[in-house]
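Student: return atomic coordinates for the entry below.
(chains A and B)
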There are 2 protein chains.
Amino acid sequence: MRMIDRSLFATLGYAAPDGTVQLRRVFCVWHRGLGGHLISTNTSSAHAQHLLQNGAASLYFADDEAFCGLCLSGSVTVHTSGRFKTLLWNDGDEKYYPQGPDDPDYCVIEFTAEQGSFYRFDGKGTLSAADLAAFDAGKDYRNGYAAEHG
Amino acid sequence: MRMIDRSLFATLGYAAPDGTVQLRRVFCVWHRGLGGHLISTNTSSAHAQHLLQNGAASLYFADDEAFCGLCLSGSVTVHTSGRFKTLLWNDGDEKYYPQGPDDPDYCVIEFTAEQGSFYRFDGKGTLSAADLAAFDAGKDYRNGYAAEHG
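Tutor: Presented below is the predicted three-dimensional model:
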């Protein structure tokens, strides 16, 4: 969890309509425990459009210096309205989305993990849906990067 | 190309037998132009075993600070013998592979790109098979990180 909170970015992976795996580095600092993650992006982007068609995806956090990584597999919901768009809005985002939080080209991708696998210098292991549910019980979304970096 | 040469790591993505996309951070410094990349790893690792069954994969290079990324899609060959195992061998690797370069648990994954997409702060674009072939013509494998960092 601390590795996730330290991260500014994660890598999102999904199968594109042409069958290839597509990978995209995404800014990702809002987390609900280990299993829930929010990513704001352009609704018109290729990854948002592909994920609207097929929400199966994986999200990967890694720390190269500490040699550890966590690969979560699950699915996404692309929110084009609702509270997450307000929650993730930052002053200055108008330069990307001129119409503000309600800009139709601004959306929030919510990733929900169903399972995970992790490695660290000292070993590796897996996280089941039950492991994730137990760890995440009672947690709500928070900006982990802001909490970690004060 | 310079972003690739600066990188110590890339992210490898592939579809696992259970249908999920699996992502793994891999040490990747040997490149043949934009389209060929070598990764040494344990033959017994989950990603090597999965890729022996189905070689379709993507390889992603990114620089978070420069806000640029390149996603290559293609396929891999897992080399359990041959010149690449000697080429990538480093003094000290015996601690991972006690039998030396011929250790059966030591293998080299060769990734060959068929297409790519890239983004940078100032825009985005795609690379076709013809683009990759033109750029890579006449090039052989070299350690780009060593060349970039002197």
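Student: nearest spatial neighbour of residue A:112, chain-adjacent residues omitted?
Tutor: Excluding the flanking residues, the one nearest residue A:112 by CB to CB, 6 or more residues apart in numbering or on different chains is residue A:74, at 5.0 Å. Glycine gets a C-beta too; all of them are placed from N, C-alpha and C.
Student: should've said residue A:56
Tutor: Closest residue in space to residue A:56, ignoring its immediate chain neighbours: residue A:75 at 5.6 Å, by CB to CB, 6+ apart.
Student: what does residue A:106 give?
Tutor: Closest residue to residue A:106 apart from its sequence neighbours, by CB to CB, 6+ apart: residue A:97 at 4.1 Å.
Student: go on, residue A:67?
Tutor: residue A:121 is the one closest to residue A:67 (CB to CB, 6+ apart), at 4.9 Å.
Student: quick one: residues contacting that neighbour.
Tutor: By CB atoms under 8 Å, 6 or more residues apart in numbering or on different chains, the contact list for residue A:121 reads A:66, A:67, A:68.
Student: how about stretch A:139-150: buried residues?
Tutor: Buried residues in stretch A:139-150, counting neighbours by 16 or more other CB atoms under 10 Å in any protein chain shown, are found at A:141, A:144, A:145.
Student: quick one: the spatially most distant residue from the centre of chain A from residue A:68, how far?
Tutor: Largest separation from the mean C-alpha position in chain A: residue A:122, at 25.7 Å (CA atoms, centre = their mean). Residue A:122 sits 9 Å away from residue A:68, going by CB to CB, to the nearest Å.
Student: and for residue A:6?
Tutor: From residue A:6 to residue A:68 the distance is 11 Å (CB to CB).
Student: which residue is the nearest non-sequential neighbour of the residue nearest the centre of chain A?
Tutor: Centroid-nearest residue in chain A, with CA atoms, centre = their mean: residue A:37, separated by 3.9 Å. Excluding its sequence neighbours, the residue lying closest to residue A:37 (CB to CB, 6+ apart) is residue A:111, at 4.5 Å.
Student: what about the host helix or strand of the one you found, average pLDDT?
Tutor: Using DSSP states H and E, residue A:111 falls within strand A:106-120. Averaged across strand A:106-120, pLDDT comes to 97.
Student: in its sheet, which strands sit next to it, and in what direction?
Tutor: strand A:36-42 (antiparallel), strand A:68-79 (antiparallel), strand A:123-127 (antiparallel) (DSSP bridges).
Student: so which of the ones you listed gets nearest residue B:11?
Tutor: strand A:68-79 (9.3 Å; CB to CB).
Student: got the buried residues for the closest one?
Tutor: A:68, A:69, A:70, A:71, A:72, A:73, A:74, A:75, A:76, A:78, A:79.
Student: from those, pick the one nearest chain B.
Tutor: Nearest to chain B among the buried residues of strand A:68-79 is residue A:73, at 3.9 Å by CB to the nearest CB.
Student: how close does the nearest residue to the closest one once chain neighbours are set aside get to residue B:112?
Tutor: Using CB to CB, 6+ apart and skipping the chain neighbours, the partner closest in space to residue A:73 is residue B:20 (3.9 Å). Between residue B:20 and residue B:112 the computed distance is 24 Å (CB to CB).
Student: more neighbours, these two?
Tutor: Counted by other CB atoms under 10 Å in any protein chain shown, residue B:20 and residue B:112 do not tie: residue B:20 has more neighbours, with 21 against 18.
Student: which stretches of chain A form strands?
Tutor: Remark: strands assigned in chain A by DSSP state E are A:9-15, A:21-27, A:30-32, A:36-42, A:56-63, A:68-79, A:106-120, A:123-127, A:142-143.
Student: now for the shortest one, which elements pack on it?
Tutor: When contacts are defined as 3 or more CB pairs under 8 Å, 6 or more residues apart in numbering or on different chains; DSSP states H and E, strand A:142-143 packs onto strand A:30-32.
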